[in-house]
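Q: with the input below, show me the fold.
(chains A, B, C and D)
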Number of protein chains: 2
Amino acid sequence: MKNATRQELADLLKALGEFNRLSLVYELCQCEAPQNAGCLCDCCNVDSSVVSRHLKVLTQEGVVRMERRGRERKYSLNRSEIAQKLRSLADQIDTTNDT
Amino acid sequence: MKNATRQELADLLKALGEFNRLSLVYELCQCEAPQNAGCLCDCCNVDSSVVSRHLKVLTQEGVVRMERRGRERKYSLNRSEIAQKLRSLADQIDTTNDT
DNA sequence: GAGATATTTGCACAAATATACAATAATCAC
DNA sequence: GTGATTATTGTATATTTGTGCAAATATCTC
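A: Predicted coordinates:
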């Protein structure tokens, strides 16, 4: 595995590894339709500007994708892509022998 | 999901989400036998004290377990446990509809 | 015990991060 | 256009984090 790839994976895990961002991910998990930032604000107890920045991180890392719709921005999870990366890591960790 | 649980998961992901720590995990992935800290130092380009601290974080988060053997300390991956947690998250993310 | 080896802790520090509040930008409804 | 709504960006700040070097701790060998 190349260093660049490993760095990308580390960045992804770091993006997921913050309580409020993980909360946003779980919130989006449970929504079929894309959600706007205002709605997503409700699931974490921080200022909307903070949510906006967390969503930016999640977007940059490919966890989430955003589409403008009027003055709103709709966010949704890149479900299969993220799940696949997590499973791939799990497989590498789990492949062989263990207690 | 309770907040405490979510925080634990976030902490786990954060532990994995740093380049040198992830490198240590990959290194341990490829070892059958537990490795000592000195050996693990070779896979990241940092001071041994830094590796020691990273291993401490990984141990605290349950990624790795340590056993003293003389003056050495042998580290090994908690493979199945970590893999299971990652798969569980993947499943939650992936359960339903997506592009 | 003396010296060598393996690893961790104390200390210092620069960089990154999460956060709040205020200001700005973009769009809608009238 | 005016005002309201939605969301982001500017600024400041307190905290956390990753790091290296030196000192300390623990164990082994002689």
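Q: which elements pack onto the helix or strand where residue A:56 lies?
A: Assigned by DSSP states H and E, residue A:56 falls within helix A:48-60. Judged by 3 or more CB pairs under 8 Å, 6 or more residues apart in numbering or on different chains; DSSP states H and E, helix A:48-60 is in contact with helix A:3-16, helix A:19-29, helix A:37-41, strand A:64-69, strand A:72-77. C-betas here are computed from N, CA, C, even on glycine.
Q: how close does the closest residue to residue A:22 other than its chain neighbours sit to DNA strand D?
A: What sits nearest to residue A:22 in space, not counting adjacent residues and going by CB to CB, 6 or more residues apart in numbering or on different chains, is residue B:10, at 4.7 Å. Per CB to the nearest atom of the strand, to the nearest Å, residue B:10 is found 10 Å from DNA strand D.
Q: just the terminal-to-terminal distance for stretch A:36-48.
A: Distances were taken as CA to CA, to the nearest Å; on that basis the terminal residues of stretch A:36-48 are 12 Å apart.
Q: averaged pLDDT, it. What do you get?
A: Along stretch A:36-48, the predicted local confidence has a mean pLDDT of 94.
Q: what are the buried residues along it?
A: Of the residues in stretch A:36-48, those scored as buried under the neighbour-count criterion (16 or more other CB atoms under 10 Å in any protein chain shown) are A:36-37, A:40-41, A:43-44.
Q: repeat for stretch A:76-91
A: Going by 16+ other CB under 10 Å, stretch A:76-91 has these buried residues: A:76-79, A:81-83, A:85-87, A:89-90.
Q: on that earlier part again, the helices and strands packed on helix A:48-60: which one's closest to residue B:24?
A: Of all those, helix A:3-16 sits nearest to residue B:24, with 11.3 Å by CB to CB.
Q: send me the closest one as PDB with only the CA atoms.
A: As requested, C-alpha coordinates have been extracted for helix A:3-16 and formatted as PDB (Å, rounded to 0.1, in the frame of the first residue of the first chain):
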ATOM      1  CA  ASN A   3       1.900   6.100   1.600                       C
ATOM      2  CA  ALA A   4      -0.500   8.400  -0.200                       C
ATOM      3  CA  THR A   5      -3.300   5.800   0.000                       C
ATOM      4  CA  ARG A   6      -2.500   5.200   3.600                       C
ATOM      5  CA  GLN A   7      -2.600   8.900   4.300                       C
ATOM      6  CA  GLU A   8      -6.000   9.100   2.600                       C
ATOM      7  CA  LEU A   9      -7.400   6.300   4.700                       C
ATOM      8  CA  ALA A  10      -6.000   7.900   7.800                       C
ATOM      9  CA  ASP A  11      -7.600  11.200   6.800                       C
ATOM     10  CA  LEU A  12     -10.900   9.400   6.300                       C
ATOM     11  CA  LEU A  13     -10.700   7.800   9.700                       C
ATOM     12  CA  LYS A  14      -9.800  11.000  11.300                       C
ATOM     13  CA  ALA A  15     -12.800  12.700   9.700                       C
ATOM     14  CA  LEU A  16     -15.000  10.100  11.200                       C
END
